[in-house]
Structures are given as structure tokens and as C-alpha cells.
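Peer 1: build me a model from this:
(2 chains)
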Amino acid sequence: MSAITYDKAFEGAAKPVVTIEGTAAAARGGEGAATVPAAANDSAVPAAKVTGRGREWLRGFARATLPPLIGIAVMVGIWYLATLKAGGRLPGPVQTWNAAVVLFSDPFYSNGPNDQGIGWNVLSSLQRVGIGFGIAAAIGIPLGFMLGRFATLSAMVNPIISLLRPVSPLAWLPIGLLVFQKADPAATWTIFICSIWPMILNTAQGVTRVPSDYMNVARVLNLSEWKIFTKILFPAVLPYMLTGIRLSIGTAWLVIVAAEMLTGGVGIGFWVWDEWNNLKVEHIIIAIFVIGIVGLLLEQMLVAIARRFSYE
Amino acid sequence: MKKFVQVENVGMRFDTKKGPFIALRDIDLTIEKGEFIALIGHSGCGKSTLLNLIAGLTTPTDGVLLCDGREIGGPGPERAVVFQNHSLLPWLTCFENVYLAVERVFGAKEGKPKLKLRTHEALALVGLTHAEQKYPHEISGGMKQRVGIARALSMQPKVLLMDEPFGALDALTRAKLQDELMKICFATKATVVMVTHDVDEAVLLSDRIVMMTNGPSATIGEILKVDLERPRSRLELANDPRYVDYRAAVLSFLYEKQAHDERVAA
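Peer 2: Next up, the predicted model:
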């Protein structure tokens, strides 16, 4: 028994990489993945055979969750020490936690357009990202396919993309304000601009990277253009496309905070700015966590989708 | 016998950055219906290029190719290709990979049940009924190559073109697939052109062995007629003096007449 406890602690501390892989495998494979550490353990420590499946699962779970928890604990500790030194100007973990409890007890209140719960703010930001990103996908992905398929078009458009891509999307915000005469569509427009480039470029790259073997199969079978698209091109490009989508969503979520700070209205970015004006710094820290968690969830969601469509 | 595939005075030149590169010149070859032809030669001799020309995947810069009396203008299902690296679509199951071909060739005339039946039959022919619903990454290399053969055969091609189909397989699997291919060809009377660099494979399977000179500007060096009655058995032939002679003839062509001269190459 003691051997197992030692083993757990040792491996948890010394091999975080293994632990992370284990988590991913467990999430994907469930039972199959859970038996791998069990088998490895059986050969090393014969006593483990009597401990049974449940205990093995618990052990794997602990190995997966302990290191991240320790990491977070260390971070909170440093935060706490740092706020002790700062002499009360920065809110500490306890203060922030108390404010968060109050804040999340009623996330969906609404006292007019400038005072709404954090839930509404996050949802409005997500909505802007969703609309801007959706339009960008609807235009960027087909455009990417065309650029990948037709070299002349690619040669025409590539210099324009290379020129515009490094520009901060916020530089486009005034144009959006001018054209749409409203803050809300201007923010959506900014999201559109920043999410379209990765989708065009990754889709186009995916099309040019379709293995020539697959295209030879299409030629020998003499498939119709529609069959080539549905049976060969689209499935072959899909992983690249999903990478583009993932990059786009990530950038969009970065940009929305800045855009909303400038445009105002309801949204997590504006909320951060508003709480700064109210000098509620603990709310800003909460917002940082919320933005981080939402971004992480978006990313994980797309990683899960991409894994579903990987064929190798 | 009828002239089925005619390669007349064909040459192939590629324009490279260093100027024109002549891969093939003066190729003349007539293939009869039901014949099994092996193309053999050192690597870089253009044997795959010649196969691609018959497939229509590349167009010759000189000369003309005919199949069943018509000029070969591009690739088509009547000249099915078994690719060196199987080229199965990884997002389709074995069944769907074959069905894609069957549907393309027979979809206009036949209903779904008939198409499915054809697909089942093609996979049964290569002994893969049990793996129909598996994806390519779930099966072994030999099985993938068998699916590739099933896909090609399912189209009932006039000519079956095989580009080193067993090159990437281990010796035991290769022998097994060669035996299967011999049976299938004997049963279906298929016309086959196969690129190989395996002397035993060439002698065992072919009616004629087309031996190519070294590139660049390679051409046909000799054609060896293999007069061994079918069905052939690998074990019996191993000690057959005729088999040994044919083998020696190909080896002598490859390693004496067409030996790579390292000094010239360097």
C-alpha cells in the first residue's frame, strides 16, 4: 500500500508530461486507456493486483489532477504574497473570491444597458464573436478553397492578404464605425476582419497539400467535380480548415475585449473598462479569469472537434 | 491474337530548370488481350513513367498510345491503376473505397443493390469480406494493397496497371499476394501491365518481360517471352530449369548489360 502511495506521489511530481498524456488518453479512450497504467503497475508492483479497478482509476485521476491543482495553488500563493507587499492597492485572493461569490450569485441581472450581470456581458461578447466569426467562415472558407484550387487567383489575392494580415484588427474599427454608424456592428466587423485571415490561409494551404495520390485516384476514376469535392477535397482539407477555425476563434476572443473597451455597450471588454472606472479592481481580476476560462473552453471544444475528424 | 494496347514510337521529355530531360525515347510495345506484361529495370529507368503514359496520367511528348483501337487522351476507369502506396482514401471504409469506383463505372446503368453486390464480390475476390467496414488505418499494409487491387478489379477494366504494387510489403505477404493475383488473372483473363524491380516476381507472373535500359533517355532493351504453362506454382517452378534460365536471362540483362556504371554516374 505504501509502495503505491509513494509511486503515485513520485510519478505525479516527476513526470507531468506522462500525466497530461494520460489524461488525454483517458478522456478519449475511457476504459482502454485506464488499463494501461494498471498493466504497467502490475508488472512493477505485484501487490497492486489486489487493489482492484476502482483504486487504479482513483490513482490515475489523482495523477492527472494533482499537478495542475498544485500549480494553481502556487500561483494563488504568489498572488497573495504580492498583494501583501503592494499595501492594499491590489486586491488579494480572499477579497477577489468574496467579490466573485457576490458577482456570480446573480450573473443575469439587468439594470439598464450600462449595468448588467457578468453572465449577460460574457454572452453578448460571445454573440459578437459568433456573428463576426460566422460571416468570416462563410466567406473565408470558400475563398480559401478557391485560392487553393486556382493558382492565378491565389497570385492575385496573396499580396493583398500579406499586406492586410499583420494590421491590428483594431485599426479597422474606425472604418466599421464610419460605415455602420453604430458601435455594435463595428465591433462585429473587427472580429470579422481578424478571423478571416487564418481561415483563408489555412484552407488554401490544405487544398494545395492534398496528396497528389488522392487526386490521381480521382483522375483514374474520372470522378465528377462534385464527387472530387465531397469525397476527396473536403475531407482532406478539413483538418487544415479546423486549424484555421481554431486560430480564428482564439484571435477573435483576444480582440473582442479590446474592441469592446473602445465601443462600449454590453460585453466583457466594456465591463472590464467600466469596472476600472468604478475602481473595482477585484472585478477586473475576476474578468481576467472569466475571459481565460471562456477562451480555454472554446479552444478545447475545437480541439475535440478536430480530433473527431483526424484520420491517421 | 488481337493488338490491345499499342505504344507507338513514344517519347517523354520533361522540361526542368536545367533544361529538357528526356526520360523515355522510341518506345514501341504491343500488348495482346489477356497478356501479363512486366516492366523491369533499374530505378530511374522510366518504367513508372511508361505506366503513367498508358494510364493517361501523363501525356507523351512524342508518339501515340492506343487502347482497344482508341487513342489514350487521359486517365479513365477502363485502365485501372493499382498505385504503389495503395492510395486508399483514409476517411472511407474499405467498402466505401471500392464502392466509389463501382458507383462511378456502373452507377449510370445499375441500381444500388447491384452496385453493393459488385463491391462485396470485389472484396471477396481478394479475401477481405471480413474487413469491409474497417478503415484503411485499421488494417495491415498487405490488406490495404488488396483493397487497392479490389478497387481496380471492381471497375472491370480493359487493362489493369500496377505500379510496383507489392514493393512495400514483406516477402511472405508479397508471395501470398502474387499467388492471389495469379489466380485472379487466370480466372478473369485480365490484361495486366505491372512495374516491378523484383526478378522472381516478373518471371513468375508474366507472359512477357519488358526490360528497360538505364535512364536518362531510356528505352526498351530486350523483351523476354516467358513460356511457362499456367497455372504456375511457385514451388514447382523453383527447380524448373526453364524458370532458372529465364531468371538468369533477366539478371544478366540487369546486372551485366545494364549494370550501373558508378564512375560515369559520379
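
Peer 1: okay, strands next: where are they in the stretch 51-200 of chain B?
Peer 2: Assigned by DSSP state E, counting those that start in this stretch, the stretch 51-200 of chain B shows strands spanning B:62-67, B:70-71, B:79-82, B:159-163, B:191-196.

Peer 1: nearest to residue B:147, out of these?
Peer 2: Using C-beta to C-beta as the criterion, the shortest distance between residue B:147 and the strands of the stretch 51-200 of chain B is 10.0 Å, found for strand B:79-82. Just so you know, the C-beta spots here come from the backbone N, C-alpha and C atoms, and that holds for glycine as well.

Peer 1: can you give me phi and psi for the residue in the stretch 151-266 of chain B that chain A sits nearest to?
Peer 2: Distance from chain A to each residue of the stretch 151-266 of chain B (C-beta to the nearest C-beta) is smallest for residue B:155, at 7.8 Å. Recorded main-chain torsions at residue B:155 are phi -80, psi 0, according to degrees, to the nearest 10.

Peer 1: same deal with the one 10 residues further on?
Peer 2: Dihedral angles phi and psi of residue B:165 (degrees, to the nearest 10) take the values phi -70, psi -30.

Peer 1: which residues touch the closest residue to it other than its chain neighbours?
Peer 2: Excluding the flanking residues, the one nearest residue B:165 by C-beta to C-beta, 6 or more residues apart in numbering or on different chains is residue B:82, at 4.7 Å. With contacts defined as C-beta atoms under 8 Å, 6 or more residues apart in numbering or on different chains, residue B:82 is in contact with B:145, B:148-149, B:151-152, B:160-163, B:165.

Peer 1: bridging residues for residue B:82?
Peer 2: For residue B:82, the beta-bridge partners are residue B:162 (DSSP bridges).

Peer 1: and it, how far is that from residue B:220?
Peer 2: When C-beta to C-beta, to the nearest Å is applied, the distance between residue B:82 and residue B:220 equals 22 Å.

Peer 1: residue A:118 now?
Peer 2: Residue A:118 sits 79 Å away from residue B:220, taking C-beta to C-beta as the criterion.

Peer 1: may I see the buried residues of the one helix or strand residue B:247 maps to?
Peer 2: Using DSSP states H and E, residue B:247 falls within helix B:241-252. For helix B:241-252, a neighbour-count test (16 or more other C-beta atoms under 10 Å in any protein chain shown) marks B:243, B:246-247, B:249-250 as buried.

Peer 1: and which of these is nearest residue B:64?
Peer 2: Distance from residue B:64 was checked for each of the buried residues of helix B:241-252 by C-beta to C-beta. The minimum falls on residue B:250, at 28.8 Å.

Peer 1: got the contact list for the closest one?
Peer 2: Applying C-beta under 8 Å, 6+ apart to residue B:250 gives the contacts B:40, B:199, B:202-203, B:209, B:211, B:224.

Peer 1: and residue A:183, by the same measure?
Peer 2: By C-beta under 8 Å, 6+ apart, the residues touching residue A:183 are A:177, A:263-265.

Peer 1: contact partners for residue A:213?
Peer 2: By C-beta under 8 Å, 6+ apart, residue A:213 lies in contact with B:83, B:85, B:87.

Peer 1: does the second one touch residue B:168 like I think?
Peer 2: The reference is to residue B:85. Yes. At 6.8 Å, residue B:85 and residue B:168 qualify as touching, with contact defined as C-beta atoms under 8 Å.

Peer 1: part of a helix, is residue B:209?
Peer 2: No. The assignment for residue B:209, made by DSSP: H, G, I helix; E, B strand; the rest coil, is strand rather than a helix.

Peer 1: just to revisit the earlier point, can you tell me which of the contacts of residue A:213 are up against chain A?
Peer 2: The overlap between those and the neighbours of chain A (C-beta under 8 Å from any C-beta of the partner chain) comes to B:83, B:85, B:87.

Peer 1: contacts only, for the residue nearest the centre of chain B.
Peer 2: Averaging the C-alpha coordinates of chain B gives a centre point, and the residue nearest to it by C-alpha atoms, centre = their mean is residue B:162 (2.1 Å). Residues touching residue B:162, when contacts are defined by C-beta under 8 Å, 6+ apart, comprise B:51, B:81-82, B:149, B:152, B:192-195.

Peer 1: which element is the residue lying closest to residue A:147 once chain neighbours are set aside on?
Peer 2: For residue A:147, ignoring the flanking residues on the chain, the nearest one in space by C-beta to C-beta, 6+ apart is residue A:204 at 4.0 Å. Taking DSSP H and E as the definition, one finds residue A:204 inside helix A:183-208.

Peer 1: give the next helix or strand downstream of that helix.
Peer 2: helix A:212-221.

Peer 1: correct me if wrong: residue A:310 contacts residue A:239.
Peer 2: Yes. In this structure, residue A:310 sits in contact with residue A:239. The criterion is C-beta under 8 Å, and the distance is 6.0 Å.

Peer 1: quick one, which of those two is more surrounded?
Peer 2: For the pair residue A:310 and residue A:239, the greater number of neighbours falls to residue A:239 (18 against 11), based on other C-beta atoms under 10 Å in any protein chain shown.

Peer 1: now that one. Its backbone dihedrals?
Peer 2: Residue A:239 adopts backbone torsions of phi -60, psi -40, taken as degrees, to the nearest 10.

Peer 1: which helix runs longest in chain B?
Peer 2: Selection of the longest helix in chain B by residue count, based on DSSP state H, yields helix B:171-188.

Peer 1: is it true that residue B:97 touches residue B:88?
Peer 2: Yes. Under the criterion of C-beta under 8 Å, residue B:97 lies in contact with residue B:88, with a separation of 5.0 Å.

Peer 1: give me the common contacts of those two.
Peer 2: Shared contacts of residue B:97 and residue B:88 (C-beta under 8 Å, 6+ apart): B:136, B:147, B:151.

Peer 1: need the residues of chain B near chain A, please.
Peer 2: Taking C-beta under 8 Å from any C-beta as the contact definition, chain B meets chain A at B:55, B:57, B:74-77, B:79-81, B:83, B:85, B:87, B:89-92, B:100-101, B:104-105, B:135, B:137, B:155.

Peer 1: among those residues, the buried ones, what's the ChimeraX command?
Peer 2: Buried residues among the residues of chain B next to chain A (16+ other C-beta under 10 Å), as a ChimeraX selection:
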select /B:55,57,75,76,77,79,80,81,83,85,87,89,91,92,100,101,104,105,135,155
